[in-house]
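[1] Sequence first, then the predicted structure:
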Amino acid sequence: MKRWIGASAVVLAVSFMTGCSLWSSKQTAATVPPDANTKEITILLPEYNTASSRTRNSSFEKGARLFEEANLGVKVTVEKLPVTKGYRAAMTERLNDSKPVDLIFGPFDPVLNEQRAFAADLIPLFKADKMTMDDLYENIVEMAKLNGKLLGIPMAPTPLAVFYNKEWFNKADLPFPGKEWTWEQFLNQSVKLQAANQVEGKEIFGSVVPLEMRLFESLAVSSGHSIIAPDGKQMSGYLNSKPVAEALTKLLNHMNTTKASKGVPSATDPVLQDLRAFHAGMGIGVINIFPYLENNQATKGKFGIAGLPYMEKGVRANAVYFSMLSISESSKQKALAWKFIKDVILNGDSPFQKEWIKEDLLTVKSAFQKSGQQQVPGMDVLAGELEHGIKPIVFRNAALNSVKIADNRLFTATTETEVMASLTDLAAEIDKQLLGKK
């Protein structure tokens with residue numbers, strides 16, 4: 001990973017440049033369509049104005065060029081899709097025009113998946129080539145299915161994890177956390193970290209916790225329940241169920257009585273800002289914040305990665321967002337598009353993997369080992385979290401993306417009675433908003 005491994009950047013660049021001959025010798029046996037005039041596929045990529053989007057698109061472009069070199073007579077066109085109107089609107093408009101598209105990369109979108117049969121089922125293609133999905137994470141693959149059909153190859157997963165300040169742990173004389181630990185341990189260590197790392201005139205917290213539905217669902221599933229109905233259309237009776245209230249009370253009571261943990265609205269920028277400013281010793285966030293810590297001279301090498309805590313008598317659960325690479329149902333070149341997926345995306349030896357790890361976690365297990373990503377400290381923890389991946393509630397109902405949480409009483413509650421009352425009102429308000437979006 002160029003941004004995270006540093007000295008290996010030259011090695012990665014050289015391996016990508018020279019990988020063509022190695023790659024072509026390890027391709028799968030499927031044949032390219034025989035018509036020499038139609039050996040062309042188009043890959044559609046969303047174009048966001050972010051560094052991660054540019055890095056991903058660059059990885060696809062380099063993979064496309066190498067695929068062309070390894071398959072003479074084939075042309076791969078990489079088309080960028082402006083998403084200023086939003087991904088769903090842009091995709092809907094693009095799929096309605098007559099221009100061909102064969103492969104589509106983009107975020108998992110339940111509305112597009114339900115309303116438009118734009119993605120071909122990949123399961124028959126796996127079976128036809130006598131291939132299994134054992135090299136992918138079973139939990140994530142199941143999330144990418146709809147009505148028994150596999151809509152795409154899951155890519156760029158973002159599990160939640162704990163990013164911790166190693167110097168703070170040393171000062172508090174605490175062992176570094178690992179892959180597995182409980183919420184009870186996390187909360188107790190937050191108190192000790194805060195006490196041992198006080199700075200005069202500066203507000204210090206042992207940890208930063210994102211109070212968002214994604215974390216709430218992870219907590220709930222860890223307790224054996226969910227905050228939403230299986231069909232994704234109702235929260236009353238689920239978000240305000242007794243097991244969910246008990247789990248949230250444990251977290252909120254700690255936060256509001258010890259004041260050792262700070263609540264923030266999301267697992268991205270707010271967590272990064274507090275960690276980077278040394279306002280907290282730990283933060284629950286997503287993989288994307290780690291490169292920013294490693295690229296900052298003041299924080300480089302100072303943070304480790306631990307697993308997401310789970311309830312002491314529960315199971316490990318992590319609500320994981322991801323993107324997908326799908327074959328368009330309208331594609332006239334499905335065989336060639338599938339060959340691209342096999343040779344570039346599913347091939348653990350593909351040079352594409354060494355490009356992709358600059359920004360994202362790999363979902364192909366063999367590629368995780370062969371690309372060098374497993375050598376980055378903490379990446380094994382993040383990969384391990386994928387084994388416990390669960391479907392985020394917005395994957396069940398996209399309308400939840402725009403639901404506003406107006407009841408802030410929840411975040412100051414300390415007793416189960418207060419938490420239950422707040423959750424009941426919150427669930428009713430969200431159900432009302434969802435009803436208005438139908």
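    The structure has been received and is ready for your questions. Residues are numbered from 1 along each chain as shown.
[2] use CA for all of it now, contacts and neighbours both
    OK.
[3] Let me see the contact set for the nearest residue to residue 75 once chain neighbours are set aside.
    Nearest non-adjacent residue to residue 75, counting by Cα to Cα, 6 or more residues apart in numbering: residue 40, 4.7 Å away. Counting by Cα atoms under 8 Å, 6 or more residues apart in numbering, residue 40 makes contact with 74-77, 333.
[4] mind running it again at 6 Å?
    74-76 (Cα atoms under 6 Å, 6 or more residues apart in numbering).
[5] Among these, which ones are in helices?
    Applying DSSP state H to the contacts of residue 40, no entry is found in helices.
[6] Can you lay out these as TSV showing neighbour count and pLDDT?
    Shown next, in TSV, are the contacts of residue 40 (neighbours: other Cα atoms under 10 Å; pLDDT from 0 to 100):
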residue	neighbour count	pLDDT
74	20	96
75	17	96
76	20	97
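[7] in the stretch 201-350 of the chain, which spans are helices?
    213-222, 242-258, 269-276, 289-295, 334-340 (DSSP state H, counting those that start in this stretch).
[8] angle of the first one against helix 242-258?
    In other words, helix 213-222. On the basis of axes from the mean of the first three to the mean of the last three Cα atoms, to 10 degrees, helix 213-222 is oriented at 120 degrees to helix 242-258.
[9] now helix 213-222: how far from the chain's centre is it?
    15 Å (Cα atoms, centre = their mean, to the nearest Å).
[10] do the same with the second one
    The offset between the C-alpha centroid of helix 242-258 and the centroid of the whole chain comes to 26 Å, using Cα atoms, centre = their mean.
[11] how many neighbours does the closest residue to residue 365 other than its chain neighbours have?
    Nearest non-adjacent residue to residue 365, counting by Cα to Cα, 6+ apart: residue 135, 5.3 Å away. Residues within reach of residue 135, counting by other Cα atoms under 10 Å, total 15.
[12] Got the confidence number for the closest residue to residue 88 other than its chain neighbours?
    Counting by Cα to Cα, 6+ apart, residue 88 lies nearest to residue 112, which is 6.9 Å off, once chain neighbours are set aside. As summarised for this prediction, residue 112 has a pLDDT of 83.
[13] do residue 4 as well
    For residue 4, the model assigns a pLDDT of 47.
[14] highest average neighbour count across the helices of the stretch 201-350 of the chain?
    Stretch with highest mean neighbour count among those: helix 213-222 (a mean of 24; mean count of other Cα atoms under 10 Å).
[15] Output that helix in CSV with nothing but the alpha carbons.
    Presented in CSV, the C-alpha positions along helix 213-222 are these (Å, rounded to 0.1, in the frame of the first residue of the first chain):
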residue,chain,number,x,y,z
MET,A,213,-27.5,3.9,13.5
ARG,A,214,-24.6,1.8,12.1
LEU,A,215,-23.1,1.4,15.5
PHE,A,216,-26.5,0.9,17.1
GLU,A,217,-27.2,-1.9,14.7
SER,A,218,-23.8,-3.6,15.4
LEU,A,219,-24.6,-3.3,19.2
ALA,A,220,-28.1,-4.7,18.7
VAL,A,221,-27.0,-7.7,16.5
SER,A,222,-24.2,-8.4,19.0
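[16] Residues contacting it, please?
    226-227, 244, 310-311, 314-319.
[17] Out of those residues, which is nearest to residue 49?
    Distances from residue 49 to these, taken as Cα to Cα, are shortest for residue 319 (25.6 Å).
[18] The closest one: neighbour count?
    24.
[19] check contacts around it.
    Counted by Cα under 6 Å, 6+ apart, residue 319 has contacts 218, 389-392.
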